[in-house]
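J.: curious how this folds, go ahead:
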Amino acid sequence: MQYSASKKSSDSRARLLRDLGGVVRTRRMELGLTIRALAKGAGVSERFLAQLEAGEGNISVARLEDVGEALGTNGAELLASASRPKAASSCPPVLAFVGLRGAGKSSVGSAVASILGVPFVELDELIVREAQMTLSTLFEIHGESYYRSVEREVLRRFLAREEPAVLATGGSLVTDPETWGLLRSRAHTVWLKATPDEHWSRVVTQGDARPMRDRPRAMNELKALLTSREPLYRQADTVVDTSARNPDDVVAELVGQLKA
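T.: This is a model prediction of the structure:
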């Protein structure tokens, strides 16, 4: 009984931290502040603030008050907002899929969208339309920093419409704290998890030989990439393991959860 009570208390604290992080992130987004700007205003590090918004960092009363003041409120109100019961219909209208290439974001996402009767959108296509050039050209000419800024702005405008949709995102979106935080605050995120072998075989089956061309250590690189991003992907609202599973089963599971 003592162990059960201790675990319940631990789960409650973890849930409160996640909710507090969500409140801070949402308030920051509403004010149009970057993580860097809020961190500077509150006198905390960007790393600490990112951990706080992800629900992974403990925070003292004094520091919470500093963050609250930088957000135009106070620590007590932030904590009170995090503690309020959530409305039963609080699920965002956008369902966003994240994961590495070969996770099934497009195939599963389009099938789920069809069943739900909502549009299916590829974020990469929106970026290409905005930049009026391919992603590879965008990277080559302007670099990653510019690409990230375009990705974030395109995503922000898409989410601001608040219209029901299923969205497939690029595999590296989660590596940008600002963009990943924006997506998590405005959409229900789903990580389609798979083993490195599954990712590899699916990409090859699609006729894409680029992953291994002139790269003898490509599989090791893929494993390292998945390992480095897994903690970020795990921050998604829902995690579905697709390894060795029929896509129809994955779709049925997701739709069942959404309609429950």
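
J.: could you list the low-pLDDT ranges of the stretch 151-260 of the chain?
T.: 203-216, 259-260 (pLDDT under 70).

J.: just the helices in the stretch 1-150 of the chain please.
T.: According to DSSP state H, counting those that start in this stretch, the stretch 1-150 of the chain carries its helices in the segments 2-30, 35-42, 46-53, 61-70, 75-83, 105-116, 123-131, 135-160.

J.: neighbours of the residue nearest to Asn58 when sequence neighbours are not counted, just the number please.
T.: Closest residue to Asn58 apart from its sequence neighbours, by CB to CB, 6 or more residues apart in numbering: Leu17 at 7.2 Å. C-beta coordinates here come from the backbone N, C-alpha and C atoms, glycine included. For Leu17, the count of nearby residues is 19 (other CB atoms under 10 Å).

J.: please tell me I have it right and Leu17 contacts Glu56.
T.: Yes - counting by CB atoms under 8 Å, Leu17 does reach Glu56; the two are 7.3 Å apart.

J.: contacting residues around Gln257?
T.: By CB atoms under 8 Å, 6 or more residues apart in numbering, the residues touching Gln257 are Thr238.

J.: that one: which element?
T.: Counting by DSSP states H and E, the element that carries Gln257 is helix 247-259.

J.: quick check: angle from that helix to helix 105-116?
T.: Helix 247-259 runs at 50 degrees relative to helix 105-116, counting by axes from the mean of the first three to the mean of the last three CA atoms, to 10 degrees.

J.: could I get the buried residue list for helix 247-259?
T.: 250-251, 254 (16 or more other CB atoms under 10 Å).

J.: in JSON lines, list these along with distance to Gly22.
T.: Converted to JSON lines, the buried residues of helix 247-259 look like this (distance: CB to CB, whole Å):
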{"residue": "Val250", "distance to Gly22": "27"}
{"residue": "Val251", "distance to Gly22": "28"}
{"residue": "Leu254", "distance to Gly22": "22"}
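
J.: Ser12: which of the residues you listed is nearest?
T.: Distance ranking of the buried residues of helix 247-259 against Ser12, using CB to CB, places Leu254 first at 27.7 Å.

J.: could you list every residue that touches the closest residue to Leu95 other than its chain neighbours?
T.: Using CB to CB, 6+ apart and skipping residues adjacent in sequence, the residue nearest Leu95 is Val166, 4.9 Å away. Residues near Val166 by CB under 8 Å, 6+ apart: 94-97, 109-110, 112-113, 116, 118-121.

J.: now do 6 Å
T.: 95, 109, 112-113, 120 (CB atoms under 6 Å, 6 or more residues apart in numbering).

J.: neighbours of Phe120, how many?
T.: 18.

J.: swap that for Arg63, sorry
T.: The number of residues near Arg63, taken as other CB under 10 Å, comes to 18.

J.: and stretch 218-228, what's buried?
T.: In stretch 218-228, counting by 16+ other CB under 10 Å, buried: 222-223, 225-226.

J.: residues touching the residue nearest to Ala76 when sequence neighbours are not counted, list them.
T.: Residue nearest to Ala76 in three dimensions, not counting chain neighbours: Gly68, with 7.6 Å by CB to CB, 6+ apart. Listed by CB under 6 Å, 6+ apart, the contact set of Gly68 reads 74-75, 78.

J.: tell me the pLDDT at Gly68?
T.: In this model, Gly68 is scored at 90, pLDDT.
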